[in-house]
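Q: One predicted model, sequence on top.
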Amino acid sequence: EDQVTQSPEALRLQEGESSSLNCSYTVSGLRGLFWYRQDPGKGPEFLFTLYSAGEEKEKERLKATLTKKESFLHITAPKPEDSATYLCAVCNFNKFYFGSGTKLNVKP
Amino acid sequence: KAGVTQTPRYLIKTRGQQVTLSCSPISGHRSVSWYQQTPGQGLQFLFEYFSETQRNKGNFPGRFSGRQFSNSRSEMNVSTLELGDSALYLCASSLGLAGEQSSYEQYFGPGTRLTVT
């Protein structure tokens, strides 16, 4: 069964304290792994797409990496404005499966 | 460039009624996907339309249906509403289909908050 599991469910960091979010997946025929950020009351905001193991992408303080079984979203020196829920999703032959998300709270 | 727009933003309906939600994709985007988001189940894929054809469908009952018009705008319909249909319904658009592009980006609208009483 295709599924996505994210951990931890919630993460509290001090401003500047780097950490990583995990997304493990089982999917037949991975066509892409996606990271989104969602703020309360808003739709998810696209961050990254990763296609193959070993691929990495960066955007400001965020860096996403991909292996054959999981993906990590590394947050370097986070700021309070990085507080949000981060969602991971995989695509299998055009169907999307989302994880339940990691709620990140960065305190000043 | 305007983003994905969804109307209405909020809706309150009674059990047994039906509802139609609308989504306008980013200009030039031909694929529109619909999702249901609830606190208990998270984000769940409903269906995807491309060039007016439903290309993929999630595991939802037949009460949930949709269509896409020639201008890529899409509507989603839910008939015989149940209390459990209360959710945030999100629409997302992209240039093409996820499995057929080497560089795929999907953009979400703000959602329609549906409350069934």
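A: Right, received. Where do you want to start?

Q: For chain A, name the helix or strand with the lowest mean pLDDT.
A: strand A:95-98 (a mean of 87; mean pLDDT, DSSP states H and E).

Q: which helices and strands does that strand pack with?
A: When contacts are defined as 3 or more Cβ pairs under 8 Å, 6 or more residues apart in numbering or on different chains; DSSP states H and E, strand A:95-98 packs onto strand A:3-7, strand A:84-92, strand B:31-38, strand B:42-50. Where you see a C-beta, it was placed from the backbone N, CA and C, and this is true even at glycine.

Q: again, only using 6 Å
A: Counting contacts by 3 or more Cβ pairs under 6 Å, 6 or more residues apart in numbering or on different chains; DSSP states H and E, strand A:95-98 is packed against strand A:84-92, strand B:42-50.

Q: The ones you listed into JSON lines, with extra columns for mean pLDDT and mean neighbour count?
A: Converted to JSON lines, these look like this (pLDDT from 0 to 100; neighbours: other Cβ atoms under 10 Å in any protein chain shown):
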{"stretch": "strand A:84-92", "mean pLDDT": "94", "mean neighbour count": "23"}
{"stretch": "strand B:42-50", "mean pLDDT": "93", "mean neighbour count": "22"}
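
Q: can I get those in JSON lines with distance to A:Ser71?
A: Listed next are the helices and strands packed on strand A:95-98 as JSON lines, based on distance: least, Cβ to Cβ, whole Å:
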{"stretch": "strand A:84-92", "distance to A:Ser71": "6"}
{"stretch": "strand B:42-50", "distance to A:Ser71": "17"}
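
Q: so which of the ones you listed gets nearest B:Gly96?
A: Among the helices and strands packed on strand A:95-98, the nearest to B:Gly96 by Cβ to Cβ is strand B:42-50 (7.2 Å).

Q: Which strand residues bridge the residue of chain B found nearest chain A?
A: Proximity of chain B to chain A (Cβ to the nearest Cβ) peaks at B:Phe108, 3.4 Å away. On the basis of DSSP bridges, B:Phe108 is bridged to B:Ala92.

Q: Report the separation between it and A:Phe46.
A: Shown here: B:Phe108 relative to A:Phe46, a distance of 8 Å by Cβ to Cβ, to the nearest Å.

Q: Between those two, which is the more surrounded one?
A: B:Phe108 (23 against 17; other Cβ atoms under 10 Å in any protein chain shown).

Q: Show the contacting residues for that one.
A: Neighbouring residues of B:Phe108 by Cβ atoms under 6 Å, 6 or more residues apart in numbering or on different chains: A:43-44, B:90, B:92.

Q: How confident is the prediction for it, by pLDDT?
A: What the model reports as pLDDT for B:Phe108 is 95.

Q: Burial check on B:Thr14, number of neighbours?
A: Neighbours around B:Thr14, by other Cβ under 10 Å: 8.

Q: who touches it in this structure?
A: B:Thr117.

Q: how near is it to B:Glu82?
A: Distance check for B:Thr14 against B:Glu82: by Cβ to Cβ, it reads 11 Å.

Q: What does the pLDDT read for the closest residue to B:Tyr104 other than its chain neighbours?
A: Spatial nearest neighbour of B:Tyr104, chain neighbours left out: B:Ala98 (5.0 Å); criterion: Cβ to Cβ, 6 or more residues apart in numbering or on different chains. On pLDDT, B:Ala98 comes in at 70.
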